[in-house]
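Q: Predicted structure and sequence below. I'll ask about it afterward.
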Amino acid sequence: MNKKTSYALIIAAFLLSSPPTYAAEFLWTGQQTDSWLNGNNWNSPDGSVPGINDSAVFTDITRTSFFNIFLRNNRQVGSVSFVGDDAYSLNGFTLSLGKGNISTSGTASHTINSNIQLLDHGLWNIAAGSSWFKGGATL
């Protein structure tokens with residue numbers, strides 16, 4: 001193999017490789033249903049739901065209609081944050097945390113009635129005045 005062919009193969013491999021995955025922040029709006037799988041419940045322009053590298057954020061800013069959210073199947077997300085004073089509940093199946101992070105702020109009590117799988121070391125930051133309860137399974 002000559003030098004020209006080697007360079008051509010390297011360039012072709014680079015161009016054909018998949019693009020990097022970037023983390024995004026998905027804000028729960030809950031405007032349609034109680035289902036995590038419904039892309040219209042997230043602030044996603046393309047109808048997608050949070051994935052393994054993304055942050056799922058639940059806040060009182062959006063004044064959602066649905067606070068009792070059902071995963072509908074096993075889900076993987078980078079991290080979960082509860083912001084504000086509206087209480088949320090995540091229910092069913094397994095929630096895998098790619099970064100292992102869970103955080104709360106505000107005064108609300110939040111419940112996760114799903115199994116939690118930690119895929120990496122992470123921080124759990126439960127703010128003073130806020131409470132968090134993991135129900136239904138052991139960590």
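A: Yep, it's here. Numbers count the residues shown, from 1 in each chain.
Q: after the lengthiest strand in the chain, next one along is what?
A: Longest among the strand segments of the chain by residue count, using DSSP state E, is strand 89-104. The first helix or strand that comes after strand 89-104 along the chain, using DSSP states H and E, is strand 109-118.
Q: Show me which residues of the longest strand of the chain are buried.
A: Using 16 or more other C-beta atoms under 10 Å as the test for burial, strand 89-104 gives 89-92, 95-104. (Glycine included, C-beta is placed from N, CA and C.)
Q: Do I have it right that Asn101 meets Val77?
A: No. If you go by C-beta atoms under 8 Å, Asn101 and Val77 don't touch, sitting 9.8 Å apart.
Q: any idea of the mean pLDDT in the longest strand of the chain?
A: Strand 89-104 shows a mean pLDDT of 92.
Q: Packing partners of it?
A: strand 68-70, strand 75-83, strand 109-118, strand 124-126, strand 131-134 (3 or more C-beta pairs under 8 Å, 6 or more residues apart in numbering; DSSP states H and E).
Q: could I get those strands as CSV with mean pLDDT and distance to Ser35?
A: Listed next are those as CSV, based on pLDDT from 0 to 100; distance: least, C-beta to C-beta, whole Å:
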stretch, mean pLDDT, distance to Ser35
strand 68-70, 93, 6
strand 75-83, 94, 11
strand 109-118, 88, 14
strand 124-126, 86, 26
strand 131-134, 68, 21
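Q: Compare the ones you listed and give me the one nearest Asp46.
A: Distance to Asp46, taken as C-beta to C-beta, is lowest for strand 75-83 among the helices and strands packed on strand 89-104, at 16.8 Å.
Q: how distant is that closest one from the center of its chain?
A: How far strand 75-83 lies from its chain's middle: 3 Å, per C-alpha atoms, centre = their mean, to the nearest Å.
Q: repeat for stretch 59-75
A: With C-alpha atoms, centre = their mean as the basis, stretch 59-75 stands 11 Å off its chain's centre.
Q: One more: stretch 45-55?
A: 7 Å.
Q: now swap in stretch 27-36 and tell me
A: With C-alpha atoms, centre = their mean as the basis, the mean position of stretch 27-36 lies at 13 Å from the chain mean.
Q: Perfect, I'm done here.
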